[in-house]
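S.K.: I would like the atomic coordinates for the input below:
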Amino acid sequence: MALSNIRKTGIVGAGTMGLGIAQISASAGFTTLLYDINKGSLENAEKQIIKNLEKGMEKGKVTKEQKESTLANLTFSSGFSDLKADFIIEAIVEQLDVKQKLFASLEEQNSQDCIFASNTSSIPITQIGAGLEHPERMIGMHFFNPAHIMKLVEVISGAATSHEVAELTKALAEKLGKVPVMAKDSPGFVVNRVARQYYVESLKVLEEGVADVQTIDRLLQSAGFKMGPFALMDLIGVDTNFSVTTSMFQAFHQDGKFRPSRIQQQKVDAGHHGRKSGKGFYDYE
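M.R.: Below is the predicted model:
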């Protein structure tokens, strides 16, 4: 399949990442379907996409015509049977069995030319595609939050992923205005494997009472980081960040350097998921 053959994309999951990916896909001229089982999530996603576009217009980065064409290219659905496209990107929970079940169902109702991509932050692509009849069409396409702004995209080939699919995914990322980096299949890939210690070590410092959240953030910002680890976890989602750390801890056979934090676990249990919930390590209410 050539890039010109990709006319329709399907995005699974209308959360923060899914809606951002849907927005840039529609902005790039692709007919885009955003699917979520929860109709409320779809309604919120549509509102957020409009808000993103209007903010872009205020900054002079998006024209009125671009806003209108983006919205015209977007459709929203909670009907799974509608998920038929040339290229489908999953952006759901970081659970291997859930992703495997999803792609198996998608493979059943799509053509043999359809390419399946996962936005997973940490789960090996080889494992996700292991149960498919055509695992050569399974690839990782990892965007970064906020997806409509951040330029980097990791393109990850599993053990069975074909070279043609990898090159096509790279070309698609470029068409979406992104900077693709080709990576091999490993837990956390490149960015999350390196960045994990930014969060984990900061949480250990907090656990040991060496400094408080605000101080740690200020110190690391003064060292050159754009955001401190706790402010960044709140932006990403404390629950999402915790899920990725947990996944990598298991994938690396309980290596201590990836041990999830009890403090972060408590935040998740309390529903303090960061900006999206109004409270995380900081209070946004």
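S.K.: residue 186 versus the closest residue to residue 145 other than its chain neighbours, what's the distance?
M.R.: Of all residues not flanking residue 145 in the chain, residue 236 sits nearest, at 5.5 Å (CB to CB, 6 or more residues apart in numbering). (C-beta placed from N, C-alpha, C; glycine too.) Residue 236 sits at a distance of 21 Å from residue 186 (criterion: CB to CB, to the nearest Å).
S.K.: could you say what helices and strands the worst-scoring helix or strand of the chain on mean pLDDT packs with?
M.R.: Across the helices and strands of the chain, mean confidence by mean pLDDT, DSSP states H and E is lowest for helix 238-251: a mean of 92. When contacts are defined as 3 or more CB pairs under 8 Å, 6 or more residues apart in numbering; DSSP states H and E, helix 238-251 packs onto helix 191-207, helix 262-269.
S.K.: show me what contacts residue 235?
M.R.: 145, 227, 274-275 (CB atoms under 8 Å, 6 or more residues apart in numbering).
S.K.: any idea which element it lies in?
M.R.: Taking DSSP states H and E as the definition, one finds residue 235 inside helix 229-236.
S.K.: next, count neighbours for residue 179.
M.R.: For residue 179, the neighbour count with other CB atoms under 10 Å is 10.
S.K.: need the contact list for it.
M.R.: Applying CB under 8 Å, 6+ apart to residue 179 gives the contacts 151-153, 173.
S.K.: emit the PyMOL select command for whichever of those are buried.
M.R.: Here is the PyMOL command that selects the buried residues among the contacts of residue 179 (16 or more other CB atoms under 10 Å):
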select buried, resi 153+173
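S.K.: among the contacts of residue 179, which ones are in strands?
M.R.: Residues from the contacts of residue 179 lying in strands, with DSSP state E as the criterion: 152-153.
S.K.: assign residue 141 to helix, strand or coil.
M.R.: The assignment at residue 141 comes out as strand when based on DSSP: H, G, I helix; E, B strand; the rest coil.
S.K.: isn't it up against residue 173?
M.R.: Yes. The pair residue 141 and residue 173 qualifies as a contact (CB atoms under 8 Å) at a distance of 7.0 Å.
S.K.: intersection of neighbour lists for these two?
M.R.: With contacts taken as CB under 8 Å, 6+ apart, residue 141 and residue 173 have 153, 155 as neighbours in common.
S.K.: mean neighbour count, the helices and strands packed on helix 238-251: which tops it?
M.R.: helix 191-207 (a mean of 17; mean count of other CB atoms under 10 Å).
S.K.: now do the contacts for the closest residue to residue 133 other than its chain neighbours.
M.R.: Leaving aside its sequence neighbours, residue 133 sits nearest to residue 107 (CB to CB, 6+ apart; 6.3 Å). Neighbouring residues of residue 107 by CB under 8 Å, 6+ apart: 114, 116, 132-134.
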